[in-house]
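# got a predicted model here, sequence first, then my questions.
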2 protein chains.
Amino acid sequence: MSDLDERIAGVAWNADGLAPAIVQQWDTREVLMLAWMDEESLRRTLTSGRVTYWSRSRQEYWRKGDTSGNIQMLHSAQLDCDGDTILLQVDQTGAACHTGTRTCFDGRDLPAGDGARA
Amino acid sequence: MSDLDERIAGVAWNADGLAPAIVQQWDTREVLMLAWMDEESLRRTLTSGRVTYWSRSRQEYWRKGDTSGNIQMLHSAQLDCDGDTILLQVDQTGAACHTGTRTCFDGRDLPAGDGARA
């Protein structure tokens, strides 16, 4: 097995054959979004450098930016200690969110009580 | 309903009643880990300021740091555009990972091919 095959074989996919991918802008370190990958989308991402997900709602591969133009180029990727979560460092063109905001978390604060640090 | 109740009611929990939480150190912006929350653990986190998860393997609430001392204090929390992913900005004491590394992604690189930017 190649190093790539070996690493991909080490991913602990869930019952649906998927793993969550946290997507972070590599230089500013903004967390842009979370999406899902299967083995094939991870392989395409690592070999092509264009980040590709599995769309659970559409049940198809989704190469980020093909429709919107807001592509994600892979910078680096890490697996977590349990092997069931992927962290992608990317270079995001334009908005990462389909709503047009830079990240999918912009302006969607959950109110924290007095126990939280300001 | 209070603002808190209203926001929590807006979370799109999965079939198991859970949502993934991305955990980020608020100042350095390191992505520390990913864990899972149910409605009650999110409520406890937002009201107490001590980050609390639902452990899928142990099937119990897990207030981060109760065993290790490596607590997470909540700084702020956001929901994503679909309402099914939570981003937590925290202040992490010591190692976030049970293996003793600062983050759960340290030293676990997935090899990227020539298509990826170095």
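Looks like it arrived, so ask away.

# now do the helices in chain A.
Remark: helices assigned in chain A by DSSP state H are A:3-9, A:39-48.

# rank these by pLDDT, which is bottom?
Lowest mean pLDDT of the helices of chain A: helix A:3-9, a mean of 87.

# among the helices of chain A, which is nearest chain B?
helix A:39-48 (4.3 Å; Cβ to the nearest Cβ). In this view, the C-beta of every residue, glycine as well, is placed from N, C-alpha and C.

# surely residue A:3 and residue B:110 touch.
No. At 9.6 Å, residue A:3 does not count as touching residue B:110 under the criterion of Cβ atoms under 8 Å.

# neighbour count winner among those two?
residue B:110 (22 against 9; other Cβ atoms under 10 Å in any protein chain shown).

# excluding its backbone neighbours, what's nearest the more buried one?
In space, and not counting its chain neighbours, residue B:110 is closest to residue A:77: 4.1 Å by Cβ to Cβ, 6 or more residues apart in numbering or on different chains.

# thought that neighbour was touching residue A:43?
No. In this structure, residue A:77 is not within contact of residue A:43 by Cβ under 8 Å, at 11.4 Å.

# looking at these two, which is more packed in?
Higher neighbour count among residue A:77 and residue A:43: residue A:77, with 24 against 16, using other Cβ under 10 Å.

# and that one, how close does it get to residue B:31?
Residue A:77 is 12 Å from residue B:31, where distance means Cβ to Cβ, to the nearest Å.

# quickly list what's touching both of those two.
Common contact partners of residue A:77 and residue B:31 (Cβ atoms under 8 Å, 6 or more residues apart in numbering or on different chains): residue A:87.

# what is the burial count for residue A:107?
Residue A:107 has 9 nearby residues by other Cβ under 10 Å.

# how about the strands in chain A?
A:19-25, A:31-37, A:52-55, A:60-63, A:72-79, A:86-92, A:109-110 (DSSP state E).

# okay, residue A:61: pLDDT?
Reported pLDDT for residue A:61: 98.

# ok, it touching residue A:39?
No. Counting by Cβ under 8 Å, residue A:61 does not reach residue A:39; the two are 11.7 Å apart.

# sorry, back to before: comparing the strands of chain A by mean pLDDT, which bottoms out?
strand A:109-110 (a mean of 92).

# now do it: distance to the chain's middle.
The chain centroid and the centroid of strand A:109-110 are separated by 21 Å under Cα atoms, centre = their mean, to the nearest Å.

# same deal with stretch A:6-19?
With Cα atoms, centre = their mean, you get 14 Å for stretch A:6-19.

# end-to-end on it?
17 Å (Cα to Cα, to the nearest Å).

# again with stretch A:87-103
16 Å.

# likewise stretch A:66-73?
End to end - Cα to Cα - stretch A:66-73 spans 12 Å.

# next: stretch A:89-98.
Stretch A:89-98 end-to-end distance (Cα to Cα) = 19 Å.

# for it, buried residues please.
Buried residues in stretch A:89-98, counted by 16 or more other Cβ atoms under 10 Å in any protein chain shown: A:89, A:90, A:91, A:92, A:95, A:96, A:97.

# and the pLDDT at the fifth one?
Spelled out, that is residue A:95. Reading off the model, residue A:95 has pLDDT 97.

# surely it touches residue A:70?
Yes. Contact status for residue A:95 versus residue A:70: in contact at 5.5 Å, counting by Cβ under 8 Å.

# quick one, what contacts residue A:80?
Neighbours of residue A:80 in contact, by Cβ under 8 Å, 6+ apart: A:86, A:87, B:33, B:34, B:104, B:105, B:108.

# specify the beta-bridge partners of the second one.
If I follow you right, that is residue A:87. residue A:22, residue A:78 (DSSP bridges).

# same check on the fourth one?
The residues paired with residue B:34 through beta bridges, assigned by DSSP bridges, are residue B:22.
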